[in-house]
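Asker: below: sequence and its predicted model.
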Amino acid sequence: MRIYSVHLRRHGLDPDRDIKLVKEGFSWPAFFLGALWALWHRLWGPAAVILIAYLVVGFAVHKISLDPLSRAALYLGLAAIVGYLGNDLRCRKLARLGFALGGVAQGKDSDLALHRYLVNTPDMAAGLRS
C-alpha cells in the first residue's frame with residue numbers, strides 16, 4: 001500500500017474543490033529522469049536547479065579527472081537527492097498554488113486512495129456523483 005498526501009483547494013464561494021494526491025516517499029521517476037520529470041510537473045525553478053547541478057557536477061568531474069567509479073557515485077548521489085526531494089517539491093508547489101493539506105490516504109494507487117479518502121470524509125464527497 002502506498003501513502004498519499006491529499007491537497008485541497010476551494011475556489012472562493014464556489015463549492016467545487018480541487019483535490020490533488022501526491023505520493024509520499026521516494027520518487028523513482030524523479031530519480032531516473034531528473035530535470036525532465038520536474039518539467040513534466042511544471043516545476044520550472046527546481047528543473048533549472050537540477051539541470052545546473054548536473055552541469056556543475058559534470059564540469060567538476062571533467063576538471064579534476066575523476067575515475068569512472070567516483071563519477072558514477074557523484075551522479076547517483078545527485079539522482080538520489082532529486083528522488084528523495086521530488087514529491088516534496090510537488091507538495092510545496094501545491095501549497096504556493098493555494099492548496100491546503102487535507103489529510104493522508106492510502107491505497108494501491110491514487111484512485112483507490114482518493115476513494116478511501118472520500119469515503120472517510122463524507123462532507124468532501126457530498127456534491128460528487130458516481
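Answerer: That came in fine, so what should we check first? Numbering: from 1, shown residues only.
Asker: please name every helix or strand in contact with the host helix or strand of residue 46.
Answerer: Using DSSP states H and E, residue 46 sits in helix 44-64. Applying 3 or more CB pairs under 8 Å, 6 or more residues apart in numbering; DSSP states H and E, one finds that helix 44-64 contacts helix 35-40, helix 68-96. Any C-beta I mention is one placed from the backbone N, CA and C, and that applies to glycine too.
Asker: and among those, the most buried is which?
Answerer: helix 35-40 (a mean of 18; mean count of other CB atoms under 10 Å).
Asker: doesn't residue 84 make contact with residue 26?
Answerer: Yes. In terms of CB atoms under 8 Å, residue 26 counts as a neighbour of residue 84; the distance is 6.0 Å.
Asker: ok, now how distant is the residue positioned nearest the centre of the chain from residue 34?
Answerer: Geometric centre of the chain, nearest residue: residue 87, 2.4 Å, by CA atoms, centre = their mean. Going from residue 87 to residue 34 by CB to CB, to the nearest Å gives 14 Å.
Asker: and residue 43, by the same measure?
Answerer: On the measure of CB to CB, residue 43 and residue 34 end up 11 Å apart.
Asker: repeat for residue 45
Answerer: Taking CB to CB, one finds residue 45 at 14 Å from residue 34.
Asker: which of the two has more residues huddled nearby?
Answerer: Higher neighbour count among residue 45 and residue 34: residue 34, with 22 against 10, using other CB atoms under 10 Å.
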